[in-house]
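Asks: Quick one, what's the 3D model for this:
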Amino acid sequence: MSNGLYFHIPFCRSKCPYCDFYSVKYEKELAEKYTGRLCDEIKKYSGSFDTIYFGGGTPSILESELIEKIIHASKAQFDVSKDCEITVECNPSKNLEKDFEKYAEFGVNRISIGMQSARNEERFALGRVAGQAEVAKAVSDARKAGITNISLDVMLGTPKQTLDSLDETFAFIEKMNVTHISAYMLKIEENTKFFEIQDRLALPDEDTVCNMYLKTIKALKNLGFEQYEISNFAKPGYESRHNLKYWELDEYLGIGASAHSLWGGKRFYYDKDFNIIYDGIGGTEEEKIMLGLRLSKGIDKSLIKKDYRNFIKMGLLGENNDNIFLTQEGMLVSNTVISELI
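Replies: Next comes the predicted model:
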């Protein structure tokens, strides 16, 4: 069985007010040094991989030659399958036309674009500097370069967003004809700008956000996207092979500051100084329930040792032969349901 390879690229032009992922301000020299460090770390491992994922931060902020260097080092050290899914997360505020051409040359075949919303006022309220036109250009440029597996991020429950304003985002998604959507509900995290100013944010109320989520599932289904995970929707055959490894507890190796791994049955992560911190055993029964229930297909009933019939009556869980799964309403309160079952 092949595994997933993840690289954390922690550089950004500026920090988004809602983001609590580890990131630092981009400097060319720092990025080159960091890339060298990643390539050195690669040499410490061996394995077979059929997905490579560049997350961040903003991986597309790197010079394309640095992405190439990391992919080249990976292929030199590991057994990388010929049909490897190679994803790069991209910020459309940079003109990516030339980058996409280069990406395609060295095997990148999937990109994930941080859109958040197709409405400019909503994007700008999230600290994004690119508007709808830049997102459309990025999608078009990727296609021209031959990269046709394209994912867009959508954020729900954001400042200035309404149930009606979501329609503009769905219309844009239809026009772009992409293959994948990740739709996340905004969560105000500590150590972010939004946490400091949350009392002043014009956020939709909780009921509206729940309705936004249910509306998103319905609208995306009408556009041909099947929901396969709480926050992820794909046209048939375009599910993120890499991200599925996280939920299905396949092994993955994460390299870089704050990158997490499930490798050799153990969980560990790199801290900001590249020290490895061990984090226990992976693949436990508890994790199978917790992560497996995020998937629309659910899990085998035999994993659940507690009485779940009440959740079925409440319409939060559904049954299908030997499987149990969260309903759409159940997905809205997934943390509560899952914590009761483990």
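Asks: Quick check, pLDDT for residue 244.
Replies: On the pLDDT scale, residue 244 is placed at 97.
Asks: name the element it belongs to?
Replies: According to DSSP states H and E, residue 244 maps onto helix 241-248.
Asks: looking just at contacts, which helices and strands does that helix meet?
Replies: Applying 3 or more CB pairs under 8 Å, 6 or more residues apart in numbering; DSSP states H and E, one finds that helix 241-248 contacts strand 3-9, strand 48-56, strand 79-90, strand 226-229, strand 252-255, helix 285-292. Where C-beta positions appear, they are placed from N, C-alpha and C, glycine not excepted.
Asks: With mean neighbour count as extra columns, can I get the ones you listed in CSV?
Replies: Shown next, in CSV, are the helices and strands packed on helix 241-248 (neighbours: other CB atoms under 10 Å):
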stretch, mean neighbour count
strand 3-9, 25
strand 48-56, 22
strand 79-90, 18
strand 226-229, 18
strand 252-255, 22
helix 285-292, 16
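Asks: of all the ones you listed, which lies closest to residue 42?
Replies: For these, the distance to residue 42 is smallest for strand 252-255, at 6.6 Å, taking CB to CB.
Asks: quick one: contacts of the helix or strand just after the closest one?
Replies: Remark: after strand 252-255, the chain's next helix or strand is strand 260-263, criterion DSSP H and E. Strand 260-263 has contacts (CB atoms under 8 Å, 6 or more residues apart in numbering) with 3, 6, 45, 249, 251-254, 267-269, 279, 282-283.
Asks: related to what we said a few turns ago, would you list the helices and strands packed on helix 241-248 in JSON lines and tack on distance to residue 127 and mean pLDDT?
Replies: Formatted as JSON lines, these follow (distance: least, CB to CB, whole Å; pLDDT from 0 to 100):
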{"stretch": "strand 3-9", "distance to residue 127": "19", "mean pLDDT": "97"}
{"stretch": "strand 48-56", "distance to residue 127": "15", "mean pLDDT": "96"}
{"stretch": "strand 79-90", "distance to residue 127": "16", "mean pLDDT": "97"}
{"stretch": "strand 226-229", "distance to residue 127": "26", "mean pLDDT": "97"}
{"stretch": "strand 252-255", "distance to residue 127": "26", "mean pLDDT": "98"}
{"stretch": "helix 285-292", "distance to residue 127": "30", "mean pLDDT": "93"}
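Asks: can you redo those as CSV with distance to residue 148?
Replies: CSV is the format used below for the helices and strands packed on helix 241-248 (distance: least, CB to CB, whole Å):
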stretch, distance to residue 148
strand 3-9, 21
strand 48-56, 17
strand 79-90, 13
strand 226-229, 18
strand 252-255, 25
helix 285-292, 29
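Asks: Between the ones you listed, which one is closest to residue 327.
Replies: Nearest to residue 327, of the helices and strands packed on helix 241-248 and by CB to CB, is strand 226-229 at 11.3 Å.
Asks: Beyond that closest one, next helix or strand please.
Replies: Defined by DSSP H and E, the subsequent element after strand 226-229 is strand 232-234.
Asks: how long is stretch 13-26 end to end?
Replies: End-to-end distance for stretch 13-26: 6 Å, by CA to CA, to the nearest Å.
Asks: I'd like the average pLDDT over that stretch.
Replies: 71.
Asks: can you pull out the strands in the stretch 1-150 of the chain?
Replies: Applying DSSP state E, counting those that start in this stretch to the stretch 1-150 of the chain gives strands spanning 3-9, 11-12, 24-25, 48-56, 79-90, 110-116, 149-156.
Asks: I'd like those strands laid out as CSV, including distance to residue 312.
Replies: What follows is the strands of the stretch 1-150 of the chain, written out as CSV (distance: least, CB to CB, whole Å):
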stretch, distance to residue 312
strand 3-9, 33
strand 11-12, 44
strand 24-25, 47
strand 48-56, 35
strand 79-90, 36
strand 110-116, 35
strand 149-156, 27
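Asks: so which of those gets nearest residue 170?
Replies: Here strand 149-156 is closest among the strands of the stretch 1-150 of the chain (CB to CB), at 9.0 Å.
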